[in-house]
Each structure stands twice: as structure tokens, then as C-alpha cells.
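[1] Prediction below, plus the sequence it came from.
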Amino acid sequence: MRTQRQLLDGVSYHVSARVNRGEQYLCMPYARDLFLDTLEECRLRFGFVLDACALRDDLVELIISPLHGADLPAIMRWLLGTFGSRFNRRFAVKGHVWADRYRSTPLTTLSDYLTLRARISKAPLYARIAASEWQWASGTLHRTQIRKPSHCQTPRV
């Protein structure tokens, strides 16, 4: 039986999704651009704030702040399903693009948020790519407005 997602109002979520069978579909610039276009369309449709984004060859990592926590499943269902359909249509393939359910973790403290935000912004370093050449992480994405979330509380000392 699946564990029920923790859906909270007013918090950001770290969300990740892996590509099926470890395939490296997202290494293709067209696939990355298609994902970013789909992500932007999803953002406009559902009205969430995109705080951070990194696309690796077989993994997508996001920090998003939905208007309501209960919106997260609908957002991710639309985003991953729409991208999967568009990807399959574009490359004339069939089957699942995503390996499993997406993972989501509510970021309830400023410390959690800052740690994940820093890790996601360093995605090019983990991939051993010069930051100036990396176009698919929030440090260089011009489409994304990065902001410090107002809901995160200062961690207790």
C-alpha cells in the first residue's frame, strides 16, 4: 500500500521524478526545452511559484510552492503526463517516460529550503558541467523567477 503524501498549505515542496529504466531522455536539448515549456505552461495553468529547477539526464528536481498543498498531485499529474505524451509523440515512441511516482517532501523550515535550494542550484557541478554551459538549472534559467519563500520559518537554534 502506498504511503499517503503529506500535503500542507503554505509550504514549498522539493519534488523529483526519475526517467523510466534509467534512460537518459533528458540529455537531449530538445527534450529539456520541451520539459521547460511544459513546466511553464503548467505554472501558468495552476498558478504555483517555481523556486528552483534542475534537469539532469535522467532526473528532474523542482522546488515549487503551490497555492494550496492539495494542488500538488494535480500539478504533478498534469506536468508529468503532458510531458510524457508530448515526448512520446515527438519521438514516435510508446511507453512510460517516468519510472515511478514522483517524490515530494514539504520544506517546512528555512534550513530545509536553503539546503535543497543550494543543492539544486549546484546541479551543473554534480554533473561536471561548467555553469556557463548549463542552461537547464535555475541559476541560469531566465524564465524562472527565484524567490525566498515567505512561509519558511527561521530554524530554531
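    Noted; the coordinates are in hand. Numbers count the residues shown, from 1 in each chain.

[2] longest single helix anywhere in the chain?
    In the chain, taking DSSP state H as the definition, the longest helix is helix 72-91.

[3] Across the sheet, point out what pairs with the nearest residue to residue 51 once chain neighbours are set aside.
    In space, and not counting its chain neighbours, residue 51 is closest to residue 63: 4.1 Å by C-beta to C-beta, 6 or more residues apart in numbering. Yep, even glycine has a C-beta here, placed from its N, CA and C like the rest. Counting by DSSP bridges, residue 63 is bridged to residue 14, residue 52.

[4] Against residue 90, how distant is residue 50?
    Using C-beta to C-beta, to the nearest Å, we find residue 50 at a distance of 23 Å from residue 90.

[5] who's more crowded, those two?
    residue 50 (21 against 12; other C-beta atoms under 10 Å).

[6] Checking that one next. Helix, strand or coil?
    Under DSSP: H, G, I helix; E, B strand; the rest coil, residue 50 falls in the strand class.

[7] my guess is it meets residue 43, correct?
    Yes. Under the criterion of C-beta atoms under 8 Å, residue 50 makes contact with residue 43 at 5.7 Å.

[8] wait, what's in contact with the most centrally placed residue in the chain?
    Centroid-nearest residue in the chain: residue 62, 2.5 Å away (criterion: C-alpha atoms, centre = their mean). Neighbour list for residue 62: 13-16, 39, 50, 52-53, 120 [criterion: C-beta atoms under 8 Å, 6 or more residues apart in numbering].
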